[in-house]
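**Student:** Take a look and give me a structure for this.
(chains A and B, ligands or ions: 1)
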Amino acid sequence: MRNKYSVFSLIKNAISYHENWQRAWKDPAPKKEYDAIIVGGGGHGLATAYYLAKKHNMNNIAVVEKGWIGGGNTGRNTTIIRSNYLWDASAGLYDHALKIWEGLSQELNYNVMFSQRGVMNLAHNLQDVRDLKRRTHANRLNGIDAVYLSTEEVKKFCPIINTSPDIRYPVLGGTLQRRAGTARHDAVAWGYARGADAMGVDIIQNCEVKGIKRNGDSVEGIETTKGFIKTKKVGVVAAGHSSVIANMAGLRLPLESKPLQALVSEPVKPIIDTVVMSNAVHAYVSQSDKGELVIGAGTDDYVSYTQKGSHQIVEGTLNAILELYPIFSRMRMLRQWGGIVDICPDASPILSKTSIKGLYFNCGWGTGGFKATPGSGDLFAHTIANDEPHKLNAAFNLNRFVSGDLVDEHGAAAVAH
Amino acid sequence: MFLINCPYCGERDQQEFKAGGEAHIERPKQPTELSDDEWAEYLFMGKVHRSRSRV
Ligand SMILES: Cc1cc2nc3c(=O)[nH]c(=O)nc-3n(C[C@H](O)[C@H](O)[C@H](O)COP(=O)(O)OP(=O)(O)OC[C@H]3O[C@@H](n4cnc5c(N)ncnc54)[C@H](O)[C@@H]3O)c2cc1C
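**Tutor:** Alright, predicted model coming up:
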């Protein structure tokens, strides 16, 4: 039985000095065989397992993670959540996720600290203005809340922004999605892990997948550092390492893996109560509940698997931040890190079957997949359980790179999220 | 900014020395004869995986 978290459990455990909390998930050794295995214990993989168990009654399944759960991009991202993408297919996909976010803490009985503080996207040149206006209209036609703001309205919404017309990248306007915001990244991984574990899912950490065993055109199992595990269905959710795993099965994916960086400052009193992003200057900023400024930078422009990123990228981002927010000029930065993001040619994800029976991929989220975590898990679980995509992820198949039906979201995704 | 001394053009930004990716991919010689699969291969399927990118 899984004990529920509540104010009463908090009081009860306080009396015993917090020494008797139940484990949030077990630490099992792999079984010989599962009905399905999810490779990658990030938010997307754990959510997939959760919905497989919850909605499709697949409880004899496992999540296999080479490190610790949430240690990949899930634990490295700047946690911006929004759904204001341009095309109908993307609007459907990202808004499906946003709707799940709105009730996620209750559903998981785990506080994911989802905060709908609004996300503002700035326009710095005439083309930005046109693109953002077009996107606002497209969003509204798809039932997604979006408004276009003038420079004065931007300033009113976030007074610390420098809107003077003589800066290098003046603020000409912006968009605002009020339902957008942030969430606590680790909590999302932990909440889904706890929920999946309670339904019988094995979460196996420190277990790296080394090979995918095929029998002709179907999957037979996976080779791991903890031995061979038999299964007929493998769902790969490995972000920056997706193509490495695809290679193990003899497949190739249209992905490029690159480092994307973020950094945080020392904690300060509340100064910015929303999220402000700027695609043109590759800088975005919000403030964590601890008070740190959370700043996102750009990707390195070459392929790499080193989880750090180049210095000149941070330099460029901080130049832009300082010009837009002169008030931050004396802030000290505490930490900087990188994550390997899997970028698709059309900046849209892949949630798809493959030419190998029983092998599914959920990847290509690149620089902006955290926001989609709950929806991605839900739709990928549907795809694995039924061996057919859900209508919301049908457009995000692998074949689009052959047919030409790309879902070009470079404008909405870019490097900012 | 990190400057690197180029023997031909003097001090240049580090960015200019970045690896350009798979520079050796050949454009199809007979584009009109390519199938959709071959186009996808040429345009999108990089050989990039976690190893040395040129051997
Ligand atoms: C700096 C940065 C900022 C970002 N900011 C945002 C943002 O603000 N908003 C947003 O929406 N998105 C953002 N993103 C993108 C977002 O983080 C990702 O798209 C998303 O978290 C991907 O989740 P995932 O579960 O698919 O991947 P991950 O969390 O990376 O999980 C994949 C897991 O697979 C495991 N794995 C890999 N290979 C193997 C193997 N062989 N065997 C077993 N396990 C393996 C890895 O260890 C990893 O834990 C950002 C990313 C970065 C790096």
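**Student:** Determine the number of other residues adjacent to the closest residue to residue A:258 other than its chain neighbours.
**Tutor:** Computed as CB to CB, 6 or more residues apart in numbering or on different chains, the closest residue to residue A:258 that is not its neighbour in sequence is residue A:299, at 4.5 Å. For glycine as for every other residue, the C-beta is placed from the backbone atoms N, C-alpha and C. Other residues near residue A:299 number 23, with proximity taken as other CB atoms under 10 Å in any protein chain shown.
**Student:** Residues of chain B that sit close to chain A?
**Tutor:** Within reach of chain A by CB under 8 Å from any CB of the partner chain, chain B has these residues: B:1-2, B:13-15, B:18-21, B:36-37, B:39-40, B:43-50, B:53.
**Student:** leaving aside the residues next to it on the chain, what's closest to the residue in chain B that chain A sits nearest to?
**Tutor:** As assessed by CB to the nearest CB, chain A sits closest to residue B:44 within chain B, at 3.7 Å. Using CB to CB, 6+ apart and skipping residues adjacent in sequence, the residue nearest residue B:44 is residue A:254, 3.7 Å away.
**Student:** and if you look at residue A:94?
**Tutor:** Nearest-residue entry for residue A:94: residue A:83, 3.8 Å, with adjacent residues in sequence omitted and distances by CB to CB, 6+ apart.
**Student:** residue contacts, that neighbour?
**Tutor:** With contact set as CB atoms under 8 Å, 6 or more residues apart in numbering or on different chains, residue A:83 has these partners: A:91, A:94-95, A:97-98, A:144, A:177, A:179-180, A:371.
**Student:** again, only this time at 6 Å
**Tutor:** A:94-95, A:98, A:144 (CB atoms under 6 Å, 6 or more residues apart in numbering or on different chains).
**Student:** how close does the residue nearest to residue B:44 get to residue B:39?
**Tutor:** 12 Å (CB to CB, to the nearest Å).
**Student:** thinking residue A:202 is in contact with residue A:63, fair?
**Tutor:** No. Between residue A:202 and residue A:63 no contact is recorded; they are 7.3 Å apart, counting by CB atoms under 6 Å.
**Student:** More neighbours: those two, which one.
**Tutor:** Relative neighbour count places residue A:63 above the other of residue A:202 and residue A:63, with 31 against 23, counting by other CB under 10 Å.
**Student:** Tell me if whatever helix or strand that one lives in is near the ligand.
**Tutor:** Under the assignment given by DSSP states H and E, the secondary-structure element containing residue A:63 is strand A:61-64. Yes. Strand A:61-64 comes into contact with the ligand (CB under 6 Å from any ligand atom), by way of residue A:64.
**Student:** Residue 6: how many residues sit nearby?
**Tutor:** Let's take chain A. Other residues within reach of residue A:6 by the criterion other CB under 10 Å amount to 10.
**Student:** oops, I was thinking of chain B
**Tutor:** Per other CB under 10 Å, the neighbour tally for residue B:6 reads 11.
**Student:** Leaving out chain neighbours, which residue sits closest to it?
**Tutor:** Going by CB to CB, 6+ apart, residue B:6 has residue B:12 as its nearest residue, at 5.0 Å.
**Student:** Whichever strand or helix holds that neighbour pairs with which strands, parallel or anti?
**Tutor:** Taking DSSP H and E as the criterion, residue B:12 maps to strand B:10-13. In its sheet, strand B:10-13 lies beside strand B:3-6 (antiparallel), with partners assigned from DSSP bridges.
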